[in-house]
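[1] Coordinates for the following, if possible.
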Amino acid sequence: MPKHCIVKANQHGKLYFKLFWNGMRSTEGTRCLDTPENRELVEAKALIIRREIEDKCFDYLKHFPNGNKAHLFRIEPDKPLVLLTVKSYYGRWIKKKPQDTRVRPKRVEDYQSHFHNILAAKIDGVGFGGLYLTSLTHEHLKDLQSYLLTKGLKASSVNAIVHSSLRAMLRDARSDRFMFVDLYNDRALLRPLEIADPDVGSLHPGRKRPDLGRLQEVALLCFCLSPVLDGHEAERSLLSQMG
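    Numbering: from 1, shown residues only. A predicted model of the protein is given here:
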């Protein structure tokens with residue numbers, strides 16, 4: 001089992017903690033020089049932290065009230081009152097959807113199917129559902145896209161999962177004040193996967209790809225004839241030329 005908290009010494013000879021939990025990473029310094037006595041004391045605290053993380057009762061602020069990640073856990077007017085994971089928020093979110101008259105039953109079924117894939121995903125060895133909403137980043141969502149592709153899902157399916165269903169839930173999470181960052185507002189950082197245009201020949205064997213130049217010529221001809229021909233005749237002429 002990987003250690004969630006280890007002790008190291010920096011270039012100045014002082015000890016620090018290196019933590020990894022719930023998809024989050026943090027480095028927390030101490031004032032202790034790297035001596036055998038100090039290392040024994042710091043290692044003892046690291047052991048306590050590891051046990052709490054494994055038992056899922058780790059309280060970051062109790063150990064690091066002024067730590068590098070304290071702003072994520074300290075309750076402030078513009079911060080969430082409760083820290084929820086993706087899985088825990090999804091549980092309460094999906095329960096409300098059948099009563100939401102704006103959401104069709106088929107859409108609720110899509111949400112449930114899509115989140116089955118989301119919650120089963122592993123990011124850096126951690127279940128995506130176990131990540132805190134406030135800790136989610138663009139990298140997490142891009143890693144989720146990559147993970148789903150490795151599981152054999154098509155790009156269109158991945159886009160539906162990440163850029164439709166997950167986006168809908170995270171939008172509501174922001175409305176409920178469980179997170180505040182919109183991870184979808186910058187397409188330079190996160191964009192849907194590109195979907196290659198299907199080959200007409202592969203969809204219809206024996207059919208040639210249309211000549212777009214020829215279609216433009218026919219469309220222009222029909223436009224010029226439209227004062228003479230009525231709308232239906234112009235449409236039939238265009239369709240017959242298109243074959």
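
[2] For burial, what's the neighbour tally of the residue lying closest to Lys14 once chain neighbours are set aside?
    Nearest non-adjacent residue to Lys14, counting by C-beta to C-beta, 6 or more residues apart in numbering: Leu33, 5.9 Å away. For glycine as for every other residue, the C-beta is placed from the backbone atoms N, C-alpha and C. Number of residues near Leu33 (other C-beta atoms under 10 Å) recorded here: 13.

[3] Hmm, Leu33 is touching Tyr16, no?
    No - Leu33 lies out of contact with Tyr16 (C-beta atoms under 8 Å); the separation is 11.6 Å.

[4] for stretch 159-169, which positions count as buried?
    Asn159, Ala160, Ile161, Val162, His163, Ser165, Leu166, Arg167, Ala168, Met169 (16 or more other C-beta atoms under 10 Å).

[5] on that earlier part again, where's the residue nearest to Lys14 relative to Glu40, distance?
    To Glu40, Leu33 is 13 Å away according to C-beta to C-beta, to the nearest Å.

[6] related to what we said a few turns ago, ok, the residue nearest to Lys14 - contacts?
    Residues near Leu33 by C-beta atoms under 8 Å, 6 or more residues apart in numbering: Gly13, Lys14, Leu15.

[7] With Lys14 instead?
    Lys14 makes contacts with Gly29, Thr30, Arg31, Cys32, Leu33, Asp34, as judged by C-beta under 8 Å, 6+ apart.

[8] make it 10 Å
    Neighbouring residues of Lys14 by C-beta atoms under 10 Å, 6 or more residues apart in numbering: Lys8, Gly29, Thr30, Arg31, Cys32, Leu33, Asp34, Asn38.

[9] tell me which element the fourth one is part of?
    Counting by DSSP states H and E, the secondary-structure element that holds Arg31 is strand 24-33.

[10] Pull out the buried positions in the next helix or strand after that strand.
    As assigned by DSSP H and E, the chain's next helix or strand after strand 24-33 is helix 36-54. Across helix 36-54, burial judged by 16+ other C-beta under 10 Å covers Asn38, Arg39, Val42, Ala46, Ile49, Arg50, Glu52, Ile53.

[11] so what's the residue nearest to the spatial centre of the chain scoring on pLDDT?
    The residue lying closest to the centre of the chain (C-alpha atoms, centre = their mean) is Leu141, at 2.9 Å. At Leu141, the pLDDT value in this model is 94.

[12] Please report how far it lies from Val86.
    In this view, Leu141 and Val86 are 11 Å apart by C-beta to C-beta.

[13] ditto for Lys8
    30 Å.

[14] cool, and Ile49?
    With C-beta to C-beta as the criterion, Ile49 and Val86 are 23 Å apart.

[15] Also Leu189?
    Applying C-beta to C-beta, the value for Leu189 to Val86 is 19 Å.

[16] More neighbours: these two, which one.
    Val86 (27 against 13).

[17] What residues does that one make contact with?
    Contact partners of Val86, counting by C-beta under 10 Å, 6+ apart, are 23, 93, 115, 118-119, 121, 127-133, 135-136, 140, 166, 169-170, 173.
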